[in-house]
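> turn this into a model:
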Amino acid sequence: METKNKNKLILCTFFGFYLLLGFITYDDYGISIEEHTQLYFGAHWLNYIVNFFEIDAFKDKILEKIGKFSNDPALPDPKIFNYYGPIFDVPTAFIDVFFNIQKTSLYFKYRHFLVFFVFYFSSIVFFKILIKRFKNFPISFLGTIIYIFSPRIYGDSFHNNKDIIFLSFVVFAIFFAFKVFEKKKIKNIILFSLFASIATSTRVMGLFLPVSFIIFLYLEKLNNKSISNIKIILITFFSYFIFLFIHWPYLWEAPISNFFQFISNSKNLFFSYYILFNGKYVLSTSLPDSFIFTWIGISTPILNLFLISLGIFFIGKRLFSRFILIDKIKYNENDFWRSNNEMKDYYIFFNLISIFSLLIFLNIPLVSGWRHLYFLNIFMVYIATYSLMIFSIKYKQNIYRLFIVVLVLLIPNFYKIIILHPFQSLYFNEILNSKKKNSFLIDREGLTQLESIHKIFNMAADDKKINIASASYIPYYRTKNALSEKNKNRVNFVGTEYDKADYIYNNYVYEVNPKYNKKYNIPSNFKKVYQLELNGIKMYEIYKKK
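I've put the predicted structure just below:
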């Protein structure tokens with residue numbers, strides 16, 4: 001069999017298996033606290049759209065859907081919805097209304113599959129980015145495996161409809177940015193602008209896409225005087241804002257003022273409360289500069305960290321040598337890079353370093369580990385793949401041996417994904433021992449809630465009404481919407497009124513310092529009857545009244 005056909009067969013088999021795996025397991029995952037907000041947000045903006053265009057067909061059903069969630073006291077003020085992008089939540093809200101979906105549990109199930117499917121498609125596009133750049137099937141294939149099977153990214157790809165959607169659209173945008181670097185076709189510029197605008201409305205950090213893209217087009221002009229990128233820059237600028245305006249209802253009434261308000265107010269979306277970090281409770285708005293680097297360091301597989309560090313060193317060293325040689329030695333009149341491939345490498349490197357620098361300079365609060373920065377996965381894995389390329393050049397005669405060695409080194413990733421299922425999102429690497437793993441905020445998104453309530457149902461064998469309290473900051477009562485109709489009627493959530501409870505759930509997430517505030521102390525008349533601990537990580541515990 002020819003090498004090309006053999007590689008194609010391997011690729012089709014891998015992505016076929018990955019799709020099947022996602023289809024089989026997508027319904028295993030818990031419900032994060034963000035999902036109710038996104039459901040409400042989608043219905044809110046769908047209602048705005050039908051009123052804006054004076055469409056009467058779905059008004060009643062939309063208002064009915066809003067009513068299902070509007071009485072939730074933990075939902076944010078609708079004004080905050082101005083800062084959430086519509087690309088995932090509005091279409092799914094329309095699906096709910098159009099097909100008249102009444103079972104609230106179904107809302108979450110099919111959304112989980114759609115999040116997975118978008119990420120699945122981004123992994124295919126990411127492979128295309130790698131194979132186009134490195135022109136080496138084994139190395140590009142390994143890079144794609146690393147992209148998919150980093151445990152936290154893998155786990156979130158089944159439920160995180162903000163950060164994983166953002167990551168995916170960043171991948172799509174960069175794919176077309178690279179196409180523009182290769183060939184200045186209008187179609188590629190337009191598609192880059194489209195995906196960059198969608199990424200921006202999803203997360204404000206998406207602004208880096210058009211900014212860095214235009215910077216590199218300008219540098220390309222400096223590199224080669226015969227290239228004129230002014231037209232491309234103008235097309236990018238205007239098409240980006242046109243797409244942003246078209247797909248984002250928040251901009252329809254006052255596009256310019258609302259856009260700048262979106263940028264200026266984004267930092268104020270974070271609330272101030274205590275979070276557990278390295279054994280201490282610190283305010284979310286006063287985190288140390290080491291916060292993000294610590295989180296990436298303890299929740300990214302060690303092999304990934306090693307390859308990323310090497311890649312940063314290799315690319316940084318080469319870039320430094322280019323600056324030293326500027327105006328002294330000319331390489332085909334390209335001072336910053338010798339080829340499109342080097343331009344791509346520097347683009348990825350520039351974005352990664354710039355974003356880290358910006359986060360530190362602006363002191364942006366990141367309360368959920370590095371969840372809001374999962375989009376950096378594309379940059380880090382690209383750089384890790386660059387390291388693999390360096391090794392492949394050095395061991396060119398043994399490329400498939402290198403492939404097997406790296407694949408073997410990836411086995412711990414696969415193993416952790418299996419043993420942590422469905423809580424891969426709460427993964428820590430082996431840099432930390434069990435004690436240290438539990439000195440960080442773990443289940444901030446409440447992913448263990450759904451499993452815990454089913455565990456309680458199994459403990460209470462009869463059909464008697466069960467009163468459940470929560471010794472946690474996370475709104476446990478929201479789990480009710482993910483239950484079957486029978487189980488909804490079986491449970492009653494009593495908040496922190498422990499005297500009324502039969503069971504108490506605790507996932508160790510508090511907004512106060514428990515050393516000084518006894519709000520979540522378990523009463524002495526309750527006994528621990530269950531604790532889930534995986535790979536040394538304490539996920540949650542259940543107490544029963546004696």
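> switch to C-alpha atoms for all contacts and neighbour counts from now on
OK.
> show me where the stretch 151-300 of the chain has strands.
Using DSSP state E, counting those that start in this stretch, the strands found in the stretch 151-300 of the chain span residues 274-277, 280-283.
> oh, I was asking about the chain
When assigned using DSSP state E, the strands of the chain occupy the ranges 274-277, 280-283, 466-470, 491-493, 503-506, 526-534, 537-545.
> the fifth one pairs with which strands, parallel or anti?
If I follow you right, that is strand 503-506. When pairing is defined by DSSP bridges, strand 503-506 lines up against strand 466-470 (parallel), strand 537-545 (antiparallel).
> how far does the last one sit from its chain's centre?
Going by Cα atoms, centre = their mean, to the nearest Å, the spacing between the C-alpha centre of strand 537-545 and its chain's C-alpha centre is 27 Å.
> equivalent analysis for the first one, please.
Centroid displacement of strand 466-470 relative to its chain, using Cα atoms, centre = their mean, is 31 Å.
> average model confidence for the helix ranked longest in the chain?
Counting residues, the longest helix found in the chain (DSSP state H) is helix 104-134. The pLDDT scores in helix 104-134 average 96.
> and stretch 41-60, by the same measure?
This predicted structure assigns stretch 41-60 an average pLDDT of 89.
> check stretch 236-244 too.
Here stretch 236-244 scores 96 as its mean pLDDT.
> neighbouring contacts of it?
Residues outside stretch 236-244 that contact it (Cα atoms under 8 Å, 6 or more residues apart in numbering): 189-190, 193-194, 196-198, 201, 210, 214.
> which parts of that stretch are buried?
Buried positions in stretch 236-244, judged by neighbour count with 16 or more other Cα atoms under 10 Å: 236-237, 239-241, 243-244.
> ok, back up a step: CSV for the strands of the stretch 151-300 of the chain, including mean pLDDT, distance to Lys132 and mean neighbour count?
Putting the strands of the stretch 151-300 of the chain into CSV (pLDDT from 0 to 100; distance: least, Cα to Cα, whole Å; neighbours: other Cα atoms under 10 Å) gives the following:
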stretch, mean pLDDT, distance to Lys132, mean neighbour count
strand 274-277, 88, 41, 22
strand 280-283, 88, 45, 18
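> so which of the strands of the chain comes closest to Ile348?
Of all the strands of the chain, the one in closest proximity to Ile348, counting by Cα to Cα, is strand 274-277 (29.7 Å).
> show me where the stretch 301-450 of the chain has its helices.
According to DSSP state H, counting those that start in this stretch, the stretch 301-450 of the chain carries its helices in the segments 302-325, 340-362, 377-394, 399-409, 411-420, 434-437, 449-459.
> typo on my end, it should be the stretch 101-250 of the chain
When secondary structure is read from DSSP H, counting those that start in this stretch, the stretch 101-250 of the chain shows helices at 104-134, 137-148, 151-156, 163-182, 186-202, 208-223, 230-247.
> adding distance to Lys416, write the strands of the stretch 151-300 of the chain out as JSON lines.
As requested, these are exported to JSON lines (distance: least, Cα to Cα, whole Å):
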{"stretch": "strand 274-277", "distance to Lys416": "23"}
{"stretch": "strand 280-283", "distance to Lys416": "27"}
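> out of the strands paired with strand 503-506, deepest packed?
When you average the neighbours per residue for each of those (mean count of other Cα atoms under 10 Å), strand 466-470 leads with a mean of 23.
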